[in-house]
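A.B. asks: have a look at this fold, sequence not included:
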């Protein structure tokens, strides 16, 4: 088995991406370069399968664009990847925008393309300024929360007399009690868990394959223990934590679609609208901050590299939103009684 087959066999998404690259119809030299790069990302850089898939698809899209003559800015078409210039990248970006791709998607694809050319420069395959191509500025979205009422109704909608209800309850409790990302939960195995009587812990493989340990309390432990009792009847000889219970994938890892289906199902049963699993991560982050008032603790627990990312979560906490300078402090700073310093008609206005 060569290195390409090894990384393809390690993850279904990577396997599908490798197959798409091989069947793309672009030049064989470009196919070989992209596959060699993916091997480097997975083995040398130890990036996550999800990152490998996103970067591979991005560079394949750019290579197909060059192959089809979409970037014929200099009168040439079917351009080799190593001969591409920032002008070609700009044309590709326009093509993506005209295709009505979101700013986030375009930024992700340009990021993948830049990483490819950084590697190509490092390997000596080309000398270009492609790594300097800028992507679109992304707006900073503040996460939203599920309300207490919604969460209570979600959990109440899980029928704990059924196997699926026990599993769905455990999935929701795990996300809410750990703040894990969906991609981290997709690849969780039994070996990643540590369960004691009153508390537990989980090893999460975050972005950039950076591991962290997250502790959780008894409600999560109890939900997981109940699920593990049910899980033993369905697992097909693997140790993934959450698995499908029916259909063609019965006994197989639940995966992204299956995990999203859990929150969608309980939201529908409770009469609410699903806003995705990420809102459970936002609830976790705000509650952790409310209890500890320590933003660095929140950053480490969520697995953020940049504390500015964590600040977006903290911005929606009740404490942060209600923080203000007191009236007494304002009066001390200004040296006046603010109410008495205003015109009488203003202070008396109702």
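C.D. replies: Thanks, I have it. None of the values given here were measured: they were computed from a predicted structure. Numbers count the residues shown, from 1 in each chain.

A.B. asks: contacts, neighbours, all on C-alpha from now
C.D. replies: Fine.

A.B. asks: the protein: strands as residue ranges?
C.D. replies: 193-195, 199-205, 211-217 (DSSP state E).

A.B. asks: and among the ones you listed, the most buried is which?
C.D. replies: Of all the strands of the chain, strand 199-205 carries the top mean neighbour count, a mean of 19, counting by mean count of other C-alpha atoms under 10 Å.

A.B. asks: quick one: low-confidence parts of the protein?
C.D. replies: Applying pLDDT under 70 to the chain flags residues 1, 70-77, 139-140, 208-209, 315, 318, 320-324, 336-350.

A.B. asks: tell me which residue is most central in it.
C.D. replies: Using C-alpha atoms, centre = their mean, the residue of the chain that lies closest to the mean C-alpha position is residue 181, 5.7 Å off.

A.B. asks: how about that one, what does it touch?
C.D. replies: By C-alpha atoms under 8 Å, 6 or more residues apart in numbering, the residues touching residue 181 are 175, 206, 278, 281.

A.B. asks: got these as CSV, with distance to residue 30 columns?
C.D. replies: Formatted as CSV, the contacts of residue 181 follow (distance: C-alpha to C-alpha, whole Å):
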residue, distance to residue 30
175, 41
206, 30
278, 37
281, 39
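
A.B. asks: can you select the buried ones among the residues you listed for me in ChimeraX?
C.D. replies: In ChimeraX, this line selects whichever of those come out buried by 16 or more other C-alpha atoms under 10 Å:
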select :175,206,278,281
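
A.B. asks: what's the closest of the contacts of residue 181 to residue 137?
C.D. replies: residue 278 (22.2 Å; C-alpha to C-alpha).

A.B. asks: mind putting the strands of the chain into JSON lines with distance to residue 309?
C.D. replies: Below are the strands of the chain laid out as JSON lines (distance: least, C-alpha to C-alpha, whole Å):
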{"stretch": "strand 193-195", "distance to residue 309": "27"}
{"stretch": "strand 199-205", "distance to residue 309": "18"}
{"stretch": "strand 211-217", "distance to residue 309": "17"}
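
A.B. asks: how about residue 152, what does it touch?
C.D. replies: No contacts exist for residue 152 under C-alpha under 8 Å, 6+ apart.

A.B. asks: could I get the full set of helices for the stretch 1-150 of the chain?
C.D. replies: Secondary structure of the stretch 1-150 of the chain (DSSP state H, counting those that start in this stretch): helices located at 3-9, 12-22, 28-39, 49-67, 86-98, 103-123, 148-156.

A.B. asks: so which of those helices is the most packed in?
C.D. replies: helix 49-67 (a mean of 22).

A.B. asks: hmm, who's touching that one?
C.D. replies: For helix 49-67, using C-alpha under 8 Å, 6+ apart, the contacting residues are 11, 13-14, 17, 21, 24, 26-27, 30, 34, 38, 41-42, 71-72, 77-81, 88, 92, 108-113, 116, 183.

A.B. asks: hang on, residue 214 packs against residue 202?
C.D. replies: Yes. Contact status for residue 214 versus residue 202: in contact at 5.4 Å, counting by C-alpha atoms under 8 Å.

A.B. asks: if we can go back for a sec, I'd like the helices of the stretch 1-150 of the chain as CSV, with distance to residue 251 appended.
C.D. replies: Output for the helices of the stretch 1-150 of the chain, formatted as CSV (distance: least, C-alpha to C-alpha, whole Å):
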stretch, distance to residue 251
helix 3-9, 19
helix 12-22, 16
helix 28-39, 30
helix 49-67, 22
helix 86-98, 39
helix 103-123, 33
helix 148-156, 24
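
A.B. asks: and of the ones you listed, who's closest to residue 265?
C.D. replies: helix 148-156 (9.1 Å).

A.B. asks: overlap of the contact sets of residue 214 and residue 202?
C.D. replies: In contact with both residue 214 and residue 202: no residue, using C-alpha under 8 Å, 6+ apart.

A.B. asks: quick one, which of the helices of the stretch 1-150 of the chain is nearest to residue 303?
C.D. replies: helix 49-67 (15.7 Å).

A.B. asks: report the distance from the closest one to the chain centre.
C.D. replies: 18 Å (C-alpha atoms, centre = their mean, to the nearest Å).
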